[in-house]
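A.B. asks: coordinates only, sequence not included:
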């Protein structure tokens, strides 16, 4: 999916919500555990319930890999299901990959050829040749870690160089030599509040994938105030706050209600943009 | 495998070679491509041929994931084969993972419980909570990216702060608050030559996993001169230089010869250590 298509989806559906499919077998409703494929059954119900209120889905690979082949089968079936039933949804493989050039090329093949997804999250530590192979696919995206939502983000991402420039700012600047607003987004945690101003100074037009709203404590209004662009420029992710809002039989219904709630708040934010 | 066991293996076998199983279907001998499981067949032959000359195997996940479920099955069979037939070999999942705490916990489960491997490579960009879940397993290891062997390592890893301390040095220092010489190693590329002196100033006793000897141009003698400790303290990896040394019917034989050649050079280096 290219940038204009994504923007069109956002303004047509009045939402920039991404639903994180971090499906943990220990947290899904008890009645699903007897199914042949409990993870896929859960995802299918969540996807059908939330599709009207979101533009993107983000399965985190860790939650599938940890069950070995069975887990990866659930991952494959989940993305196949989205592609067949909700083909206008943007799919993010939250994998945080990154390796030397010839190895990153294999990861790019995995996510963009084998699974044919729209985007993959990539860690910047290894630099240019670890990121570039992912940028060589038309209509596919790298979502590069810049300033993450976790406590550990303070350990290295905020380190200042001699000129007072922080590591995440260097990542934002340097990576713009490799990709464009058409194939490169950044991960910026919602927990980082006013930092969005600093981000937008360096990357005024790039889309940002924003985790950390809800369960991790970030505020949607704050994110929009400092991070929104005239094209929206945001994909705001919620995982636990939606998919585990109820762990009872009504989990899909409640997930839909939570997603709808966020969608309504997002519609208000989108109205603020003069277009 | 704990530190003392690894050291014993190194001094008993007079080698600190790690063979990288970066198995690319396009590079394996033609006659194997007709087998039911060509990647596993290739790995099996390479493993049996090289086992006497190395102490560790390092499959890179990218090379398995890129074939989807079929690839992951080859990965599982490969590690199962090593565990059953060469149980004293240390196994490294070269996966370069790292995510927020609760997600890194899932990755740790994947590699240390589901696959029961000895170690996994981890990227430091997301900081403490992204690394710590991997350190909570007895006898298991994090191998943290410090200074990698690729050209892109210069983009961020060498950035200096106000005191002139470089990012990789900060990673080395900070991470020693999280783990010990018993559960934490570092990736330091062989292409970084004299930088090993700087590394050893900060991490005098940690084991280093050293890729980049051979195909990427690093010198074993240089690495040993600046990086070796009284416990050896090195695992030197070679992938392409061994496993693709011949792409003909004699691939396993030639791989064994290449591994033996390195083992002999390593034996000489080990003799320099007064024990």
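C.D. replies: Received it, and whenever you're ready, just let me know what you need. Model, not experiment: these values are computed from the prediction. Numbers count the residues shown, from 1 in each chain, chains lettered A, B, ... in the order given.
A.B. asks: C-alpha only now, for contacts and for neighbours.
C.D. replies: OK.
A.B. asks: close to chain B: what parts of the stretch 151-275 of chain A are there?
C.D. replies: Applying the criterion C-alpha under 8 Å from any C-alpha of the partner chain, the portion of the stretch 151-275 of chain A that neighbours chain B consists of A:151-157, A:159-164, A:167, A:170-171, A:174.
A.B. asks: which of those fall in strands?
C.D. replies: Judged by DSSP state E, the subset of those located in strands is empty.
A.B. asks: selecting buried members of those residues in PyMOL, what would you type?
C.D. replies: Here the buried members of these are turned into a PyMOL selection, burial being counted by 16 or more other C-alpha atoms under 10 Å in any protein chain shown:
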select buried, chain A and resi 152+153+154+155+156+157+159+160+161+167+170+171
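A.B. asks: residue A:177 and chain B, how far apart?
C.D. replies: 12 Å (C-alpha to the nearest C-alpha, to the nearest Å).
A.B. asks: in helices, which of the residues of the stretch 151-275 of chain A next to chain B appear?
C.D. replies: Filtering those for membership in helices, criterion DSSP state H, returns A:153, A:154, A:155, A:156, A:167, A:170, A:171, A:174.
A.B. asks: which residues touch the nearest residue to the third one once chain neighbours are set aside?
C.D. replies: Read that as residue A:155. Residue nearest to residue A:155 in three dimensions, not counting chain neighbours: residue B:127, with 5.2 Å by C-alpha to C-alpha, 6 or more residues apart in numbering or on different chains. Residue B:127 makes contact with A:151, A:152, A:153, A:154, A:155, A:156 under the criterion C-alpha atoms under 8 Å, 6 or more residues apart in numbering or on different chains.
A.B. asks: could you redo the last one with a cut-off of 7 Å?
C.D. replies: A:152, A:153, A:155, A:156 (C-alpha atoms under 7 Å, 6 or more residues apart in numbering or on different chains).
A.B. asks: how about the helices in chain A?
C.D. replies: When secondary structure is read from DSSP H, chain A shows helices at A:3-13, A:38-50, A:62-65, A:68-85, A:101-109, A:128-131, A:153-156, A:167-175, A:195-202, A:220-227, A:240-243, A:251-271.
A.B. asks: next, format the ones you listed as JSON lines and append mean pLDDT.
C.D. replies: Shown next, in JSON lines, are these (pLDDT from 0 to 100):
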{"stretch": "helix A:3-13", "mean pLDDT": "98"}
{"stretch": "helix A:38-50", "mean pLDDT": "98"}
{"stretch": "helix A:62-65", "mean pLDDT": "97"}
{"stretch": "helix A:68-85", "mean pLDDT": "97"}
{"stretch": "helix A:101-109", "mean pLDDT": "97"}
{"stretch": "helix A:128-131", "mean pLDDT": "98"}
{"stretch": "helix A:153-156", "mean pLDDT": "97"}
{"stretch": "helix A:167-175", "mean pLDDT": "98"}
{"stretch": "helix A:195-202", "mean pLDDT": "96"}
{"stretch": "helix A:220-227", "mean pLDDT": "94"}
{"stretch": "helix A:240-243", "mean pLDDT": "95"}
{"stretch": "helix A:251-271", "mean pLDDT": "97"}
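A.B. asks: got the ones you listed as TSV, with distance to residue B:30 columns?
C.D. replies: Output for the helices of chain A, formatted as TSV (distance: least, C-alpha to C-alpha, whole Å):
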stretch	distance to residue B:30
helix A:3-13	42
helix A:38-50	38
helix A:62-65	31
helix A:68-85	27
helix A:101-109	21
helix A:128-131	30
helix A:153-156	46
helix A:167-175	39
helix A:195-202	50
helix A:220-227	53
helix A:240-243	48
helix A:251-271	50
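A.B. asks: residues of the stretch 1-150 of chain A that sit close to chain B?
C.D. replies: The interface of the stretch 1-150 of chain A toward chain B, taken as C-alpha under 7 Å from any C-alpha of the partner chain, is made up of A:62-63, A:65-69, A:72, A:96-98, A:100, A:103, A:106-107, A:109-110, A:114, A:125-130, A:148, A:150.
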